[in-house]
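Engineer: requesting a structural model of the entry that follows:
(chains A and B)
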Amino acid sequence: MSIKATNIVKRYGELLALDHLNLEVREGEVLGLLGPNGSGKTTAINCILSLLTYEKGEITVFGEPMRPDAYAIKKRIGVVMQHVAVFDELTVQENIDYFCGLYIADAKERRALVDEAIRFVGLADFKKFAPKKLSGGLLRRLNIACGIAHKPKLIILDEPTVAVDPQSRDNILEGIMRLNRAGSTVLYTSHYMEEVERICTRVVILDKGKVVASGTKEELKDMISLGEKITAEVHGLTEAQLATLRELPNILAVSYAENVLTVKALKGMSGLETILKWLKQHSVGFGRIYSERPTLNDVFLEITGKELRD
Amino acid sequence: MAHIFKYRLKILLSDKTTMFWTLVFPMVLAGLFSLAFAQIEAGERFAPIDTALVDSGGDEAFVALIESLAQGDDRLFNLVRATESEGLALLAAGEVHGVIATGRPLTLSINEGGFKASILKTFVDSYLQSSAAVTRIASDNPAAVGRLASLLAEEREFLVDHPLGRGTHNFMIIHYLSLLAMTCLLGGYVGMSEISAIEANLSHHAARVSLAPVHKLKVLAAGISAALILQFSKLLLYFGFLVLLLDVDFGSRTPWVVVTILLCTLLGITFGAFVTALVRGTTGLKEGILLAVSLAGASLAGMNVAELKYIVETHTPWLALMNPAHHITDAFYTLYYFDTYERFVTNVVGLVVFTILFTCGTYCVVRRRVYVSI
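Structural biologist: Reported below is the predicted structural model:
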C-alpha cells in the first residue's frame, strides 16, 4: 500500500474539512481523487504530506507513519501542487535543478535527472528561458518537472491542469500515464471528470470532506441506476408526445429543449432501440441521434444531487 | 547546503525589489542628503564684504591693514578704491556695504544696518581704539612703545579647546550614520525573503521545500548565509559610495567600521526574519511594517533631525535603548568621535543582544513543521 489514511478528521475552525476520511492508494495504480472545489481534496493531500495538522486519524505512507521529519519517505514522494511554485529569478533548468537538489545531492546524477525531466515534459527548447517567458501550459509543465525530476516512487498531483490549454493538458495527462507505466504510483486530484476517466485506474469521489463513492470507473457507473443517455435532434415535439415517451418502461427522465430531446434510461434495456421504435411509431422525423454511457459526473449527480462543477 | 546556498544567492541577487530597497533607495537618499547639505554649507559660508576705500592719504597703516584683509580666499573684504563721490554712488547703488574714507578722522559711511554693516563698524571702531591707545602710550611713555608693538604682534588665547574625541564635531555625520543604520535595517527585506522561502504558509515555493527530505532550518541556514554575504557586500558598496563619492568622513578606524557594518548587516537580516515570522498577514503588510520600523528607528536616531538623537537619549533613554537604529548609529558615531572604545563596546553589546533576540524569536516561530492552515 502506498498511502493509507484512516479516519482523518480536519477542521478549519467551525468548518469540517475532512470528515472521517478513509483513503487507500495501492502500489502501481493511478488513483483519481474526484470532487468539486472545496470538497477537501487539497486538504486531504496536505494532511497526507504532513504539511497540515489534523485532529484525528492515522496516515501511513509506504507502510510507515507519515511525519514531517520522515525524510526517508519524503525522498520517495514527488509532489506537484495546484499553484505553480517556481522561481522567476531562475531559468527553467535551474528551477528543476534547485528542487531536484533537495532530494539528490550528487551533482552528476542530478544533471542527468534534470535533463531527463526537461525532455520528459518537452521543455528542451526552453531550458534557458526564465519562467516569465513561458506560456501558461509550459509553466505547468515546468511545475511538473520540478516535482518529478528525482524519479519518485509515489507522485501526488493536485489539479495540475487548471487553466491549461487543451494541447498542454493532453501532454500533461499523457506524461502522467507514462510515469505510471514507468513504475510510479500516482494520486491525481481533479474536478475535471474527463481527466479522471481518461487516466485513472481507480476513483475516489469526495464531497464535503467525505468519501461518497470509490471503485473503478465501471464499478462506480454500475452503482447508479442510469444505464444510458440518448440524445436526438427532433423538431416540433408536442407535450402530449413527450408524455407518452415518459410512460415507456425503464425511462428515468425526459427533457426537450431547443429541438434537442434527451432521454435517460435505466440499466437493463437498449434505450436507443426503444427510442428509435417510439420515434417511428409517432412518425417523428429526427436528425442526429446517439447514445452515451453514464459519466462520472452522472455518478456524482446521482449520489450527491449536484453537478461536479457546481 | 552548498546547493541551496548557491541558488538562494542567485535568487536574492536577481530580486529587483529587494535590490531597490536595500541599495538603490539608500543611495538616492544619501545623494539627496549630500545635495541638501552642500546648499546649507554654501549658505553658511562667510561672504567677503564689498567695501569702497577712499584713500585721502595720512593713514598708511590703516590702508596697509585693510589691504591685507582683502587678500586670499578667506579674505574679509572685497575692496574697491574710489573717490568719495564714486564710493557714495556705489553705496547708493547697493554695490558696496560701506565706504571707508581715510584721513582725520577716519570715517565710515553705511546705508542701513545689517550683519555686514555691523562687521564694518566693529572693524573701524576696533582700529580707532587701538590706534588711539598706541598714540596715547607713545605720548605718555615713549619707552613702552617697543613693548606695546611686540604685545600687539603676539596673539594670546585665553580659552583653550580640549576636544573630547578625535573627530571634528559635525552634526551632518549623524544624518549619514542614521541613514547607514536605516540601510542596515532595510536588510530586513532579505531576511524576509529567507523566511518566506521556508514557511509553507507564506509561499508556494516554501510549501514545495517543506515537502522535500531536508530540514527547513538547514534551508534557512543556507539562505541566511547567502543573504549575509550579499547584504554585507551591498553595505560595503554603500559605505564606499558614501566615503568615495559623497566624501563623508567616517573617521580613521576603517577596519572597526567594517566589522560594525558586518554586525549591523546580521542585525538587519535577523530583524527582517523576526518581523516576517512574527507578523500574521500578507507580504505587503510585513513589508510595510519593516519599512515603517526602519524609517521610524532611523528618524529617532537622527536621520532627519540630528538633535532628535540627543533629545531621545536625554528624555526617553528607554526608547533609545529599544531602538536598534540608535545602537547602529551610536556605534559608528563613537568610532568616529571618541578616543576610547568603552561606549563602542556598549553599542556592540546592544547590537549582539538584539541579533540574538531576533534570532531566538524567529527560531521559536519557524521551528514548527506542521501548519494548521496554509
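
Engineer: what is the three-state secondary structure of residue A:275?
Structural biologist: Three states are possible here, and by DSSP: H, G, I helix; E, B strand; the rest coil the one that applies to residue A:275 is helix.

Engineer: same deal with residue A:284?
Structural biologist: Classification of residue A:284 by three-state DSSP places it in coil.

Engineer: and the one 3 residues further on, by the same measure?
Structural biologist: Per three-state DSSP, the local secondary structure of residue A:287 is strand.

Engineer: burial count for it?
Structural biologist: For residue A:287, the count of nearby residues is 10 (other Cβ atoms under 10 Å in any protein chain shown). In this view, the C-beta of every residue, glycine as well, is placed from N, C-alpha and C.

Engineer: now do the contacts for it.
Structural biologist: A:232, A:233, A:234 (Cβ atoms under 8 Å, 6 or more residues apart in numbering or on different chains).

Engineer: check the gap between the closest residue to residue A:73 other than its chain neighbours and chain B for me.
Structural biologist: When the adjacent residues along the chain are set aside, residue A:73 lies closest to residue A:61, with 5.0 Å between them (Cβ to Cβ, 6 or more residues apart in numbering or on different chains). Using Cβ to the nearest Cβ, to the nearest Å, one gets 12 Å for the distance from residue A:61 to chain B.

Engineer: number of residues surrounding residue A:61?
Structural biologist: Residue crowding around residue A:61 was assessed by other Cβ under 10 Å; the count is 23.

Engineer: how about residue B:84?
Structural biologist: If we define neighbours as other Cβ under 10 Å, then residue B:84 has 14 of them.

Engineer: contacts only, for it.
Structural biologist: Taking Cβ under 8 Å, 6+ apart, one finds B:54, B:56, B:99, B:101 in contact with residue B:84.

Engineer: most neighbours among those residues, which one?
Structural biologist: Highest count within the contacts of residue B:84 by other Cβ under 10 Å belongs to residue B:99, 25 neighbours.

Engineer: re the thing from before, torsion angles phi and psi at the residue nearest to residue A:73?
Structural biologist: Summarising the backbone geometry of residue A:61 under the convention degrees, to the nearest 10, its torsions are phi -130, psi 130.

Engineer: and for residue B:336?
Structural biologist: Dihedral angles for residue B:336 - degrees, to the nearest 10 - are phi -70, psi -40.

Engineer: CSV for the contacts of residue A:287, including pLDDT, distance to residue B:203 and secondary structure?
Structural biologist: Converted to CSV, those look like this (pLDDT from 0 to 100; distance: Cβ to Cβ, whole Å; DSSP: H, G, I helix; E, B strand; the rest coil):
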residue, pLDDT, distance to residue B:203, secondary structure
A:232, 91, 53, strand
A:233, 92, 52, strand
A:234, 90, 56, strand
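
Engineer: top of the residues you listed by neighbour count?
Structural biologist: residue A:232 leads these on contacts (other Cβ under 10 Å) with 22 neighbours.

Engineer: was I right about that residue contacting residue A:289?
Structural biologist: Yes. The pair residue A:232 and residue A:289 passes the contact test of Cβ atoms under 8 Å, sitting 4.0 Å apart.

Engineer: who touches both of these two?
Structural biologist: residue A:275.

Engineer: one step back: quick one: which of the contacts of residue B:84 sit in helices?
Structural biologist: Using DSSP state H, no member of those falls within helices.

Engineer: tell me which two in those are the farthest apart.
Structural biologist: When Cβ to Cβ is used, the two most widely separated members of the contacts of residue B:84 are B:56 and B:99, lying 12.0 Å apart.

Engineer: picking up where we left off before, need the contact list for the residue nearest to residue A:73.
Structural biologist: A:2, A:3, A:4, A:48, A:70, A:73, A:77, A:154.

Engineer: out of those residues, which end up buried?
Structural biologist: A:2, A:3, A:4, A:48, A:70, A:73, A:77, A:154 (16 or more other Cβ atoms under 10 Å in any protein chain shown).

Engineer: turn those residues into JSON lines, including distance to residue A:20 and secondary structure.
Structural biologist: Supplementary listing: the buried ones among the contacts of residue A:61 in JSON lines, determined by distance: Cβ to Cβ, whole Å; DSSP: H, G, I helix; E, B strand; the rest coil:
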{"residue": "A:2", "distance to residue A:20": "21", "secondary structure": "coil"}
{"residue": "A:3", "distance to residue A:20": "17", "secondary structure": "strand"}
{"residue": "A:4", "distance to residue A:20": "14", "secondary structure": "strand"}
{"residue": "A:48", "distance to residue A:20": "15", "secondary structure": "helix"}
{"residue": "A:70", "distance to residue A:20": "23", "secondary structure": "coil"}
{"residue": "A:73", "distance to residue A:20": "24", "secondary structure": "helix"}
{"residue": "A:77", "distance to residue A:20": "24", "secondary structure": "strand"}
{"residue": "A:154", "distance to residue A:20": "23", "secondary structure": "strand"}
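
Engineer: ok, back up a step: looking at the contacts of residue A:287, which is nearest residue B:291?
Structural biologist: Distance to residue B:291 across these (Cβ to Cβ) is lowest for residue A:233, with 65.0 Å.

Engineer: next, format the buried ones among the contacts of residue A:61 as a markdown table and append pLDDT.
Structural biologist: Converted to a markdown table, the buried ones among the contacts of residue A:61 look like this (pLDDT from 0 to 100):
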| residue | pLDDT |
| --- | --- |
| A:2 | 90 |
| A:3 | 94 |
| A:4 | 95 |
| A:48 | 95 |
| A:70 | 92 |
| A:73 | 95 |
| A:77 | 95 |
| A:154 | 96 |
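
Engineer: now the closest residue to chain B within the stretch 101-250 of chain A: closest residue in space, sequence neighbours ignored.
Structural biologist: The stretch 101-250 of chain A approaches chain B most closely through residue A:102 (3.6 Å), counting by Cβ to the nearest Cβ. Nearest non-adjacent residue to residue A:102, counting by Cβ to Cβ, 6+ apart: residue B:212, 3.6 Å away.

Engineer: may I see the buried residues of the longest helix along chain A?
Structural biologist: With secondary structure taken from DSSP H, chain A has its longest helix at helix A:166-181. Along helix A:166-181, the positions that meet the burial threshold by neighbour count (16+ other Cβ under 10 Å) are A:168, A:169, A:171, A:172, A:173, A:175, A:176, A:179, A:180.

Engineer: number of residues surrounding residue B:292?
Structural biologist: Taking other Cβ under 10 Å as the neighbour definition, residue B:292 ends up with a count of 10.

Engineer: hang on, the earlier thing: any idea which of the buried residues of helix A:166-181 is the one closest to residue B:77?
Structural biologist: Within these, the smallest distance to residue B:77 is 84.5 Å, found for residue A:168 (Cβ to Cβ).

Engineer: got the contact list for that closest one?
Structural biologist: Residues near residue A:168 by Cβ under 8 Å, 6+ apart: A:135, A:136, A:137, A:138, A:140, A:141, A:161.

Engineer: just curious, which of those residues is nearest to residue B:352?
Structural biologist: Proximity of the contacts of residue A:168 to residue B:352 was ranked by Cβ to Cβ; the top entry is residue A:140 with 47.4 Å.

Engineer: residue A:157 is in contact with the closest one, correct?
Structural biologist: No. Contact between residue A:140 and residue A:157 fails when scored by Cβ under 8 Å: they sit 10.5 Å apart.
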